[in-house]
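[1] Structure, please.
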Amino acid sequence: MNNLMIAFIGEQPIPNLIPIKFKRPDKTLLVFTKLTKSKAENIKKLVESKITKIEECEVDPYDISKIYEKVKNKISNEADLIFNLTGGTKAMAFAGYSLAQQYNAPFLYLQTEGKEMKIYEYEFKKGIPSLKNTTIVSLKINIDEYLRVHIGNYNQTNFKNDFERAVYDALKSSVEELKSGVKIGGALDIDLIIRCENYVGIAELKTGKKARTKEGIDQLNTAGGREYLGTYTTKFLIVDQKWDESLSNLRELAEARNIYLIELPSYGKNKDISNRDKKHLIQTIKDKLHC
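    All right, here's what the predicted structure looks like:
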């Protein structure tokens with residue numbers, strides 16, 4: 001008997017990609033809205049034929065009864081069902097929970113907060129949900145998969161300057177994966193993408209006068225927005241100088257945008273990252289990405 005995962009797609013695709021890779025169902029029904037259709041298409045391109053067959057179902061994001069009926073009509077009576085209730089709108093989750101309860105089918109939830117990602121699996125006992133398993137996620141999503149599930153296609157270019165190369169070299173032995181010079185569409189460049197486990201960060205690197213402007217903050221805010229890499233992505237602004245009191249407004253803006261500032265003044269003075277600054281760089285990245 002085939003098993004079927006019903007996955008409700010929200011603006012963040014990782015909570016759907018990881019459970020699909022973890023459970024490897026025979027078929028997956030991607031339930032999406034007009035707003036999240038592109039995310040569903042990205043998931044489909046990544047997993048169809050490699051992991052699971054894909055079926056699609058577009059629903060209204062907030063009409064619970066219509067969501068319930070549309071999904072119910074897509075469910076095969078012969079299939080073993082499992083519902084992933086992590087993504088989508090709350091209305092989609094309510095409809096999914098009601099269907100899981102009706103079919104006495106298990107459901108799961110992916111926890112992404114903290115140092116470890118966990119999958120919680122539930123089953124119904126006399127109509128009441130009961131926690132069956134809690135599993136720490138050990139499978140990995142690489143940077144290429146992370147980019148493709150969020151934004152589809154991208155290009156990679158060379159380092160723009162020696163500072164980018166120096167930061168890359170300082171980090172490469174301390175994290176699991178690095179990718180430099182990522183270009184999305186025709187306008188958005190990301191200097192560095194960093195991965196530890198399934199946690200991904202993006203970094204903008206600025207030197208000289210540009211290190212004293214809000215350009216890097218704006219670029220990170222755009223790249224980490226819902227249209228691109230989303231709110232699960234950690235953001236770093238790496239500069240070759242200390243931000244003094246005259247830049248307190250920029251420091252406050254970075255903090256408000258959840259951007260971690262990493263100052264490497266030794267490079268601005270000597271065109272080389274000192275051991276002290278390297279330690280600061282590596283420790284900050286590792287702490288924020290749960291390395």
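[2] List the contacts of the nearest residue to His280 once chain neighbours are set aside.
    Leaving aside its chain neighbours, His280 sits nearest to Ile262 (7.0 Å; criterion: CB to CB, 6 or more residues apart in numbering). For glycine as for every other residue, the C-beta is placed from the backbone atoms N, C-alpha and C. Under the criterion of CB atoms under 8 Å, 6 or more residues apart in numbering, the contact partners of Ile262 comprise 236-239, 280-281, 284-285.
[3] before we move on, which element is Ile262 in?
    When secondary structure is defined by DSSP states H and E, Ile262 falls within strand 259-263.
[4] Over to Asn153?
    Since the elements are taken from DSSP H and E, Asn153 ends up inside neither a helix nor a strand.
[5] cool, Ala100 as well?
    Per DSSP H and E: Ala100 is located in helix 90-102.
[6] Can you list the helices and strands that that helix packs against?
    When contacts are defined as 3 or more CB pairs under 8 Å, 6 or more residues apart in numbering; DSSP states H and E, helix 90-102 packs onto strand 3-8, helix 64-74, strand 80-84, strand 107-111.
[7] Tell me the strands beside the strand holding Ile262, with direction?
    Applying DSSP bridges, strand 259-263 is found paired with strand 234-239 (parallel).
[8] What is the distance between the partner strand and the centre of its chain?
    Here the centre of mass of C-alpha atoms in strand 234-239, compared against the chain's by CA atoms, centre = their mean, to the nearest Å, lies 17 Å away.
[9] got a list of contacts for it?
    167, 192, 194, 199-207, 211, 216-217, 220-221, 223-224, 254, 257-264, 281, 284-285, 288-289.
[10] same deal with stretch 141-152?
    Contacts of stretch 141-152 from elsewhere in the structure, counted by CB under 8 Å, 6+ apart, are 13-14, 17-18, 21, 38-39, 41-43, 45-46, 154, 177-179, 182, 184-185, 193, 195, 198, 200, 228-230.
[11] Can you give me the buried ones in it?
    141, 143, 145-151 (16 or more other CB atoms under 10 Å).
[12] Ok, stretch 84-102 next?
    Residues of stretch 84-102 classed as buried under the neighbour-count rule (16+ other CB under 10 Å) are 84-89, 91-93, 95-96, 98-100.
[13] Ile75: which of these is nearest?
    Closest approach to Ile75 among the buried residues of stretch 84-102 (CB to CB): Leu99, at 7.3 Å.
[14] where's that closest one relative to Arg148, distance?
    With the distance defined as CB to CB, to the nearest Å, Leu99 ends up 30 Å from Arg148.
[15] care to break the protein down by domain?
    Following automatic domain parsing, the chain resolves into domains at 3-136, 143-288.
[16] Give me the residue at the spatial middle of this protein.
    Ranked by distance to the mean C-alpha position of the chain (CA atoms, centre = their mean), the top residue is Tyr232 at 4.6 Å.
[17] Export the domains of the chain as a markdown table, with columns for mean pLDDT.
    As requested, these are exported to a markdown table (pLDDT from 0 to 100):
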| stretch | mean pLDDT |
| --- | --- |
| domain 3-136 | 93 |
| domain 143-288 | 93 |
